[in-house]
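K.L.:
sequence plus the predicted model coming up.
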Amino acid sequence: MVAQERPSEKNAHGAAEGRSSSEASGDGAASVAQDPRELFLATTPTRLFFTVAVPGALSMLASALYDVLDGVLVGQMLGATAFAAVNLAMPFVILVFAVGDLVGVGSSVPIAIALGAREDDRANNVFTCAVLGILVLGALLGAAFWAAAPHIMRAMGATGELAEMATTFLRVYAVGAPVTSMMFAVDNFLKLCGKIGHSLGLNVFMAGLGAVAEYLLIRFGLGVFGAALGYCVALAASAVVGMLPFALGRYKLRFVRPRPSRRLVRQVFAAGLPAFLNNVAGRVTSVLLNTALLEQGGADAVAVYGALMYASGMVFPLIYGVSDSLQPAVGYNLGAGQVVRVVKLEKRAFAACAVLSVSMASAMLLFPAEITRMFMADASDAILALASRAFPLFSIAYFLRWLPMATQSFYTAIEEPRFASLLSLVSVLVAPVVVLVLLKPWGLDGLWLNMPVATLASTALAAFMLFRLRKRLRGEA
């Protein structure tokens, strides 16, 4: 929790009554549009959930649909080898973007709490330093991955055309890293200003532009280079469009003369560490699994795992979108001392995440061949046989995976990064690696069961953490 004293604001009931009065006079919507505090502190929890979380989930859905379409375009237009190459490179591409999540999420928590406590100058300084930090770190990380790309693919066991395609794909993203990484923070900044609809529109714009650009570039014969370039163009253009109103001073957050400090850097990195670890540790696990799959099942097994990951990309962003969209609301209410409202908001978030996760588990369980063919029109009988075995086993994880994800987001929002980081490490690195070793004698079945078994461990930890947090929040309320 933050150490500074939180100024007292209207209680939740009084705020809600004031909001109702505004609506009765016909200017409630305008009030919400003008001041994000009114949105986050005065709107009733259920209405706030639908106002914030639903558009946030739709924003992530737009991005997720493009990610799926990206896989479809590569698999359908370039074939199974290109699809496998993209899947080999994708964990490292996500690492390139991890800096945007690290600083974007990490800065959002202190910004939201500062705005809730009416400390606008402090919020603007954190915002300005965060934007500069993303540009610098993106450039450094991009340069490192450009140089390391061919060595990484060789170390994973990729050779020939597979290695060449994967290297090309990663290097395109490395070049665009300073600008494209910004898009992963712009979404957070827009939500902090109450611009929920703008965030949704920007993600839809990015998805549409990316789909068109990628299709045309592949059609012009640019292969995996065109696939990567199309998405980079869309991300860069969306980042510029999203940041322009901030540069013009039209939103709540404004650029000021930056005043960086060690305390600020520690605060941002601590708050963003869970999301960063989720990206980094998750990609390390993916690399280990891809390497094991390549060894035990060849390119076919890697391609099936790619289909599993793209299918996962339909539900994980939705869960993340619901949880992440509520973080500003949680921060505002935490800064204003409204603990009861924080608990009510999170109850709605957990319920929504559970419904989304179980729905995806059912789809993966029932339609393995159909999902696989969506990504690979030329899928062989061997690939379809692997998918029919892998999807039902893999789907078990989704019946529980929502709980660790929602819990991690909750702990991040209330500035408890140590516990959020612990849960992240257990969920996406420690448990999967331990299970990878334990289930190695099971061959490919052991690899397909990696996430379900690891999820059992992380779910138990998340349930324990929530039980302890519940007792503490009751005392603070």
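P.N.:
Here it is on my side, so go on. Numbers count the residues shown, from 1 in each chain.

K.L.:
CA only for contacts and neighbour counts going forward, please
P.N.:
OK.

K.L.:
which element follows the host helix or strand of S286 toward the C-terminus?
P.N.:
When elements are assigned from DSSP states H and E, S286 belongs to helix 262-335. Next in sequence after helix 262-335, counting helices and strands by DSSP H and E, comes helix 339-366.

K.L.:
what's the angle from that next one to helix 262-335?
P.N.:
Using axes from the mean of the first three to the mean of the last three Cα atoms, to 10 degrees, the inter-axis angle of helix 339-366 relative to helix 262-335 is 100 degrees.

K.L.:
tally of neighbours for A147?
P.N.:
If you count neighbours by other Cα atoms under 10 Å, A147 ends up with 12.

K.L.:
with G197 instead?
P.N.:
G197, neighbours per other Cα under 10 Å, totals 15.

K.L.:
quick one, what contacts it?
P.N.:
Under the criterion of Cα atoms under 8 Å, 6 or more residues apart in numbering, the contact list for G197 reads P55.

K.L.:
before we move on, which element is it in?
P.N.:
When secondary structure is defined by DSSP H and E, G197 falls within helix 196-219.

K.L.:
which parts of that helix are buried?
P.N.:
Judged by neighbour count using 16 or more other Cα atoms under 10 Å, the buried positions of helix 196-219 are 196, 198-211, 213-215, 217-218.

K.L.:
pLDDT on the helix holding S286, on average?
P.N.:
When pLDDT is averaged over helix 262-335, the result is 79.

K.L.:
quick one: distance of it to the chain centre.
P.N.:
Using Cα atoms, centre = their mean, to the nearest Å, the distance from the centre of helix 262-335 to the centre of the chain it belongs to is 6 Å.

K.L.:
tell me what angle that helix forms with helix 196-219.
P.N.:
Computed by the same axes, to 10 degrees, the angle between helix 262-335 and helix 196-219 is 120 degrees.

K.L.:
could you dump the helix holding G197 to PDB, C-alpha only?
P.N.:
Provided in PDB are the C-alpha atoms of helix 196-219 (Å, rounded to 0.1, in the frame of the first residue of the first chain):
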ATOM      1  CA  ILE A 196     -12.700   4.700 -22.300                       C
ATOM      2  CA  GLY A 197     -14.400   5.100 -25.600                       C
ATOM      3  CA  HIS A 198     -11.300   6.600 -27.100                       C
ATOM      4  CA  SER A 199      -9.300   3.600 -25.900                       C
ATOM      5  CA  LEU A 200     -11.700   1.200 -27.600                       C
ATOM      6  CA  GLY A 201     -11.700   3.200 -30.800                       C
ATOM      7  CA  LEU A 202      -7.900   3.300 -30.900                       C
ATOM      8  CA  ASN A 203      -7.700  -0.500 -30.600                       C
ATOM      9  CA  VAL A 204     -10.300  -1.000 -33.300                       C
ATOM     10  CA  PHE A 205      -8.400   1.400 -35.500                       C
ATOM     11  CA  MET A 206      -5.100  -0.500 -34.800                       C
ATOM     12  CA  ALA A 207      -6.700  -3.900 -35.500                       C
ATOM     13  CA  GLY A 208      -8.300  -2.700 -38.800                       C
ATOM     14  CA  LEU A 209      -5.200  -1.000 -40.100                       C
ATOM     15  CA  GLY A 210      -3.000  -3.900 -39.100                       C
ATOM     16  CA  ALA A 211      -5.200  -6.500 -40.900                       C
ATOM     17  CA  VAL A 212      -5.300  -4.500 -44.100                       C
ATOM     18  CA  ALA A 213      -1.600  -3.600 -44.100                       C
ATOM     19  CA  GLU A 214      -0.500  -7.200 -43.300                       C
ATOM     20  CA  TYR A 215      -2.800  -8.700 -46.000                       C
ATOM     21  CA  LEU A 216      -1.600  -6.300 -48.700                       C
ATOM     22  CA  LEU A 217       2.100  -6.800 -47.700                       C
ATOM     23  CA  ILE A 218       1.800 -10.600 -47.800                       C
ATOM     24  CA  ARG A 219      -0.100 -10.400 -51.000                       C
END
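
K.L.:
got the angle for the helix or strand just after it vs helix 196-219?
P.N.:
Of the helices and strands lying after helix 196-219 in sequence (DSSP H and E), the nearest is helix 223-247. Angle between the axes of helix 223-247 and helix 196-219 is 150 degrees (criterion: the same axes, to 10 degrees).

K.L.:
buried ones in helix 223-247?
P.N.:
Within helix 223-247, the residues scored as buried using 16+ other Cα under 10 Å are 223-240, 242-243, 246.

K.L.:
repeat for stretch 181-199
P.N.:
Buried residues in stretch 181-199, counting neighbours by 16+ other Cα under 10 Å, are found at 181-196, 198-199.

K.L.:
and for stretch 461-474?
P.N.:
Residues of stretch 461-474 classed as buried under the neighbour-count rule (16+ other Cα under 10 Å) are 461-462, 465-466.

K.L.:
from these, which is closest to T46?
P.N.:
Taking Cα to Cα as the measure, L466 is the one of the buried residues of stretch 461-474 closest to T46, at 21.2 Å.

K.L.:
quick check: the gap between the closest residue to the closest one other than its chain neighbours and F350.
P.N.:
By the measure of Cα to Cα, 6 or more residues apart in numbering, the closest residue to L466 outside its immediate chain neighbours is T407, 7.2 Å from it. Relative to F350, T407 is positioned 8 Å away (Cα to Cα, to the nearest Å).

K.L.:
now L39
P.N.:
Here L39 is placed at a distance of 21 Å from F350 (Cα to Cα).

K.L.:
what of R118?
P.N.:
Distance of R118 to F350, computed by Cα to Cα: 29 Å.

K.L.:
same question, L293
P.N.:
Counting by Cα to Cα, the gap between L293 and F350 amounts to 33 Å.

K.L.:
now do the helices in the stretch 51-200 of the chain.
P.N.:
When secondary structure is read from DSSP state H, counting those that start in this stretch, the stretch 51-200 of the chain shows helices at 80-116, 120-155, 160-180, 183-192, 196-219.

K.L.:
these: which one's closest to A431?
P.N.:
The stretch from those with the least distance to A431 (Cα to Cα) is helix 80-116; that distance is 18.2 Å.

K.L.:
now do the contacts for the closest residue to V93 other than its chain neighbours.
P.N.:
Across the structure, with Cα to Cα, 6+ apart as the measure, the residue nearest V93 apart from its sequence neighbours is L170 (5.9 Å). Taking Cα under 8 Å, 6+ apart as the criterion, L170 is in contact with 89-90, 92-93, 145-146, 149, 228.

K.L.:
with L88 instead?
P.N.:
L88 makes contact with 153, 166, 287, 290, 302, according to Cα under 8 Å, 6+ apart.
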